[in-house]
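Participant: missing the sequence, but the structure's below:
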């Protein structure tokens, strides 16, 4: 599976350093470890040149390199990631990546990394400041029109990510008179917040693959799924196989390489989904180690933009591209033409044929 990732216009991004209004410019350098989807001419001499001999072949070679050399060099530079790339729309997905809001473990952990080892931070919930961050991001996704575009929300099955996901992308206040289940019950995870409705919002599913670094840190260990189902009744947990957390180990911490590999598996899994625009609420470590694998042959500033660390409740919009024909979705906007069918000759050929008659 060959997947590349590219940044979208920063107008949808949201974070501590995001300006109120950002220019609507798409960064088109193909940040990828794979070759571009369109193959351009190379600078090598065509095969037929080798079949000729003597001065004739030399003259052809000089002509090609002299007349077309600069053009071919420019095209080759595009092929190596220096220019814009072009991809079929149905082989692209838009991702809105979100790091959870501030959790209780972040307050001490940002000052002293060893604080993450404290058992009191087991499955850390959001702080009051974290909920303020959620409220501000929620205002942004509504004001920007982003919420209406999102087909699906994927969340890591930990308390802080699910609180962030339902708080940002969920419906309005919930009342018991509603027929639908709430996304979150009142005061879930000591939040002090009212229940959140599942009405008029995209579906939210929990996925284990986008969890934080597994092992050792109690804040990254989840509760039983049955406990979460009571707190978040309308969140879909059907993709999680085990009620208990069998992935987290007290004495073994995932390596950075293992987190990155799990992240690539998650990216590849996204191509099994039919949704085209997906919000993903996850963690700083998972995002950093996953995104570091991308953007190695684009401009350094774009590479930095892709994989720099996320702030709490930061949103960054990007595009992933399927270059390996893994995606099975058919184009929905393409049109075959020739309906009804008729003559279809280039104008110059048509004119030549007409003049011969």
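Facilitator: Yep, that arrived. None of the values given here were measured: they were computed from a predicted structure.
Participant: three-state assignment of the residue nearest in space to the middle of the chain?
Facilitator: For the chain, the residue nearest the mean C-alpha position is residue 95 (3.4 Å; CA atoms, centre = their mean). State at residue 95, reduced to three classes by DSSP: H, G, I helix; E, B strand; the rest coil: strand.
Participant: and stretch 233-252, which residues are buried?
Facilitator: 233, 234, 235, 236, 237, 240, 245, 248 (16 or more other CB atoms under 10 Å). C-betas here are computed from N, CA, C, even on glycine.
Participant: Output these as JSON lines; include the columns distance to residue 284.
Facilitator: JSON lines is the format used below for the buried residues of stretch 233-252 (distance: CB to CB, whole Å):
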{"residue": "233", "distance to residue 284": "28"}
{"residue": "234", "distance to residue 284": "27"}
{"residue": "235", "distance to residue 284": "22"}
{"residue": "236", "distance to residue 284": "24"}
{"residue": "237", "distance to residue 284": "23"}
{"residue": "240", "distance to residue 284": "22"}
{"residue": "245", "distance to residue 284": "20"}
{"residue": "248", "distance to residue 284": "17"}
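Participant: okay, and for this protein, where does confidence drop off?
Facilitator: Residue ranges of the chain with pLDDT under 70: 1-4, 6-7, 9-11, 16-82, 177-179, 325-328, 347-357.
Participant: Could you rerun that using 90?
Facilitator: 1-91, 108-115, 172-180, 190, 271-272, 293-300, 302, 307, 321-357 (pLDDT under 90).
Participant: all strands of it, in order?
Facilitator: 3-7, 92-99, 152-155, 182-184, 196-197, 204-206, 277-282, 315-322 (DSSP state E).
Participant: Let me have those strands in TSV, extended by distance to residue 167.
Facilitator: Shown next, in TSV, are the strands of the chain (distance: least, CB to CB, whole Å):
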stretch	distance to residue 167
strand 3-7	25
strand 92-99	11
strand 152-155	11
strand 182-184	8
strand 196-197	7
strand 204-206	11
strand 277-282	10
strand 315-322	13
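Participant: deepest of the ones you listed, which one?
Facilitator: Each of the strands of the chain was scored by mean neighbour count; the highest is strand 182-184, a mean of 27, by mean count of other CB atoms under 10 Å.
Participant: so what does it touch, helix or strand wise?
Facilitator: Contacts defined by 3 or more CB pairs under 8 Å, 6 or more residues apart in numbering; DSSP states H and E place strand 182-184 against helix 159-169, strand 196-197.
Participant: Highest mean neighbour count out of those?
Facilitator: Of the helices and strands packed on strand 182-184, helix 159-169 is the most buried (mean count of other CB under 10 Å), at a mean of 28.
Participant: now it and strand 277-282, what's the angle there?
Facilitator: Following axes from the mean of the first three to the mean of the last three CA atoms, to 10 degrees, one obtains 150 degrees for the angle between helix 159-169 and strand 277-282.
Participant: How about the contacts made by residue 197?
Facilitator: 170, 171, 172, 173, 174, 178, 180, 182, 183 (CB atoms under 8 Å, 6 or more residues apart in numbering).
Participant: What subset of those is buried?
Facilitator: Using 16+ other CB under 10 Å, the buried ones in those are 170, 171, 174, 182, 183.
Participant: With distance to residue 224 added, can I get those residues in JSON lines?
Facilitator: What follows is the buried ones among the contacts of residue 197, written out as JSON lines (distance: CB to CB, whole Å):
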{"residue": "170", "distance to residue 224": "22"}
{"residue": "171", "distance to residue 224": "26"}
{"residue": "174", "distance to residue 224": "24"}
{"residue": "182", "distance to residue 224": "20"}
{"residue": "183", "distance to residue 224": "19"}
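Participant: which residues touch the nearest residue to residue 215 once chain neighbours are set aside?
Facilitator: The shortest distance from residue 215 to any non-neighbouring residue, by CB to CB, 6 or more residues apart in numbering, is to residue 253 (4.2 Å). Going by CB under 8 Å, 6+ apart, residue 253 touches 213, 214, 215, 216, 217.
Participant: Same question for residue 165.
Facilitator: With CB under 8 Å, 6+ apart, residue 165 has these contacts: 98, 153, 155, 204, 235, 279, 281.
Participant: Out of these, name the two that are farthest from one another.
Facilitator: Of all pairs drawn from the contacts of residue 165, the one with the longest distance (CB to CB) is 98 and 235, at 15.5 Å.
Participant: just to revisit the earlier point, how far away is the residue nearest to residue 215 from residue 217?
Facilitator: 7 Å (CB to CB, to the nearest Å).
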